[in-house]
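Trainee: give me coordinates for this.
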Amino acid sequence: MTDQKLAQIVELDGAWPSNSLGLTRSLDCRAWGPKLRYCAPTRVIETFYRQFADKLNPFTLYGSGDFHHLTALWVRQFKQPFVLISFDNHPDWDTRPPHWCCGTWMNRALESPLLKRVAIWGCANFELNPPHRWFANHRALRAGRLEVWPWVERFGPSARRRWSGITSDNWQGQFAKFAAGLSDSPVYVTIDMDCLKPETASTDWEQGLFTPEDIAWALSKLRESTTIIGGDLCGAHSPAQYTRWTQRQTAHIDHPKKPPIDTENARRLNLEAARQMWPALGL
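Mentor: Purely as a prediction, here's the structure:
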């Protein structure tokens with residue numbers, strides 16, 4: 001179980017009910033939500049960080065996947081070398097602007113000299129197919145600091161030739177080997193709920209092929225091999241609000257076109273999934 005003294009909700013967008021998962025600690029950042037959603041200028045990001053840096057906890061429950069770039073802030077609290085493991089349907093590695101964005105944040109995290117490597121599990125989206133993969137962080141890929149374990153089922157023909165991947169039949173064996181090879185390196189785990197099948201979670205993005213039970217199992221394998229020093233869970237659907245016209249327009253273009261989502265039903269579904277994963281994220 002996650003030690004509740006080390007965990008809190010960062011409230012940005014109402015994605016989670018109050019006291020979700022029994023968490024009694026919270027940061028009220030709702031005034032910041034529309035400023036930070038999807039993307040934000042560096043000065044806004046750094047102002048937000050300065051205001052809340054001394055209030056961060058190692059384990060964080062927060063809002064929509066539109067805020068996933070905040071993980072690059074959460075990991076700043078750690079002062080030791082670590083490995084970042086991401087369960088996400090998207091690699092979030094785009095090298096194009098915006099500099100701070102939910103689709104580019106992995107590059108911000110990689111700027112830290114303490115981050116030894118990043119492993120992204122469960123990519124099942126179009127970014128691994130051309131032309132989108134042309135904008136990946138190829139320098140980090142070549143250096144071995146960034147690796148992806150994508151679902152073969154979602155590959156196009158070109159991606160099948162370029163990437164080795166995982167399948168529903170072999171991913172657990174692959175992950176067990178990966179976890180065993182971490183050599184006691186401390187890890188930070190970030191979980192975007194869009195890595196889950198649509199029937200198990202309601203998100204604002206295209207979704208992957210994991211189940212909550214899969215994620216809980218993977219976390220248990222990590223704990224057998226190393227220490228989880230921190231982690232976060234984001235990706236739950238919430239109605240979008242923005243403060244800047246360019247932010248709103250860019251987000252509208254980038255988001256998939258989904259049918260209307262019943263917010264209350266989405267909350268219930270996401271809370272059920274979170275209850276299966278959150279306890280396994282603990283120390």
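
Trainee: what packs against the helix or strand hosting residue 48?
Mentor: Assessed by DSSP states H and E, residue 48 sits inside helix 42-52. Other elements packing on helix 42-52 under the criterion 3 or more CB pairs under 8 Å, 6 or more residues apart in numbering; DSSP states H and E are helix 33-36, helix 71-74. All C-beta spots, glycine's among them, are computed from the backbone N, C-alpha and C.

Trainee: make a markdown table from these and add mean pLDDT, distance to residue 198 and mean neighbour count to it.
Mentor: Shown next, in a markdown table, are the helices and strands packed on helix 42-52 (pLDDT from 0 to 100; distance: least, CB to CB, whole Å; neighbours: other CB atoms under 10 Å):
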| stretch | mean pLDDT | distance to residue 198 | mean neighbour count |
| --- | --- | --- | --- |
| helix 33-36 | 99 | 24 | 22 |
| helix 71-74 | 99 | 23 | 23 |
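
Trainee: quick one: contacts of the helix holding residue 48?
Mentor: 27, 29, 32, 35-36, 40, 69, 73, 76, 99-100 (CB atoms under 8 Å, 6 or more residues apart in numbering).

Trainee: quick one on the thing from earlier: could I get the helices and strands packed on helix 42-52 as a markdown table with distance to residue 106?
Mentor: A markdown table is the format used below for the helices and strands packed on helix 42-52 (distance: least, CB to CB, whole Å):
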| stretch | distance to residue 106 |
| --- | --- |
| helix 33-36 | 17 |
| helix 71-74 | 8 |
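
Trainee: for residue 274, which of the ones you listed is the nearest?
Mentor: Proximity to residue 274 (CB to CB) singles out helix 71-74 among the helices and strands packed on helix 42-52, at 16.4 Å.

Trainee: residues in contact with the next helix or strand after that closest one?
Mentor: Per DSSP H and E, the first helix or strand lying C-terminal to helix 71-74 is strand 82-87. By CB under 8 Å, 6+ apart, the surrounding residues in contact with strand 82-87 are 75, 92, 106, 109, 114-122, 182, 185-192, 195, 210, 215, 218, 222, 229.

Trainee: swap in stretch 137-151?
Mentor: Residues outside stretch 137-151 that contact it (CB under 8 Å, 6+ apart) are 91, 93, 95, 106-107, 110, 115-124, 128, 159, 163, 165-167, 171, 174-175, 178, 208-209.

Trainee: now, the residues you listed that are in strands?
Mentor: Using DSSP state E, the members of those that fall within strands are 115-121.

Trainee: give the ChimeraX command for selecting the buried subset of those.
Mentor: Selecting only the buried entries of these in ChimeraX, with 16 or more other CB atoms under 10 Å as the criterion:
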select :115,116,117,118,119,120,121
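
Trainee: in PyMOL, select just the buried ones from the contacts of stretch 137-151.
Mentor: Burial among the contacts of stretch 137-151 is assessed by 16+ other CB under 10 Å; the matching PyMOL selection reads:
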select buried, resi 91+93+106+107+110+115+116+117+118+119+120+121+122+123+124+128+159+163+165+166+171+175+178+208+209
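
Trainee: next step: the contacts of stretch 137-151 restricted to helices.
Mentor: Residues of the contacts of stretch 137-151 located in helices (DSSP state H): 106-107, 159, 171, 174-175, 178.
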